[in-house]
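1. Okay, here's the prediction I keep looking at, along with the sequence it came from:
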Amino acid sequence: MTENKNVILSARDIVVEFDVRDRVLTAIRGVSLDLVEGEVLALVGESGSGKSVLTKTFTGMLEENGRVASGSINYRGQDLTKLRSHQDWAQIRGAKIATIFQDPMTSLDPIKTIGSQIVEVIVKHQGKSPKEAKKMAIDYMDKVGIPDAEERFNEYPFQYSGGMRQRIVIAIALACRPDILICDEPTTALDVTIQAQIIDLLKSLKEEYGFSVIFITHDLGVVASIADKVAVMYAGEIIEFATVEEIFYEPCHPYT
């Protein structure tokens, strides 16, 4: 992995451990990777290979019993493994590195209107007044393809379909104005045609806003359509890191 002046996030020799009952389990074993500005890096591997655990270290969202035991995560000159307090992480999480999760229902508050959830984020991360934020929120809803955004602003998550809810989660992530967007299998819970629409939406938003993407998936079709680079994970290690063409046409590792 070459040092590159455009590397925006660089993980080196990351080891993640969990305390489970009386034992220490190592979930991530000496992983290193680079994310280049403006690129889409796909993290590919079977369930349990450590994809989500690795990206949680970038936002300080490991479970209580987990920790980064060694290694460094350099984001624009700052070592994220040194951050301890909730206040420190609040400067990074959402604001600089945002995450879209697999199930939009767990990301949205079921008792708040869709519009109010987007407005809240705009007020917090962009410092706008509630009135300005409402106008911007409707714009974001339009951008992510919600029909009749103004009318649907005051509806609740249960009134939206799965695909629409995922679009709202993307709108909320955009409202944070992130530098890096982590997509944790954002299309798994959706049917195939909606999956394709969400992938196209992410691609066009990436062009427009210029953020970098880490895309977690085990669907190689998705990888082929969206990724620039691919990191293949197996049992907590990255066993192959290459461009998307090399992974598909000249894979080096038997697992790949």
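-> Noted; the coordinates are in hand. Predicted model, so just to flag it, every value in this text is computed and none were measured.

2. How many neighbouring residues does Ile111 have?
-> The local packing of Ile111 (other Cβ atoms under 10 Å) involves 8 other residues. Just so you know, the C-beta spots here come from the backbone N, C-alpha and C atoms, and that holds for glycine as well.

3. dump the residue contacts of it.
-> Tyr156 (Cβ atoms under 8 Å, 6 or more residues apart in numbering).

4. and if you look at Leu202?
-> 170, 181, 183, 186, 213, 226.

5. State the helix or strand in which it lies.
-> Taking DSSP states H and E as the criterion, Leu202 maps to helix 192-209.

6. And the closest residue to Val244 other than its chain neighbours, how far from Ile172?
-> Excluding its sequence neighbours, the residue lying closest to Val244 (Cβ to Cβ, 6 or more residues apart in numbering) is Ala227, at 4.7 Å. Ala227 is 24 Å from Ile172, where distance means Cβ to Cβ, to the nearest Å.

7. doesn't Met233 make contact with Gly45?
-> Yes. Look at Gly45 against Met233 with Cβ atoms under 8 Å: they come within range, at 3.5 Å.

8. Tell me the pLDDT of the closest residue to Ala235 other than its chain neighbours.
-> Spatial nearest neighbour of Ala235, chain neighbours left out: Ser49 (6.4 Å); criterion: Cβ to Cβ, 6+ apart. Looking at Ser49, its pLDDT reads 94.

9. do Met1 as well
-> Met1 is assigned 51 on the pLDDT scale.

10. cool, and the one 5 residues further on?
-> The predicted local confidence for Asn6 comes out at a pLDDT of 91.

11. That one - nearest residue in space that isn't next to it in sequence?
-> In space, Asn6 is closest to Glu37, 4.4 Å off (Cβ to Cβ, 6+ apart).
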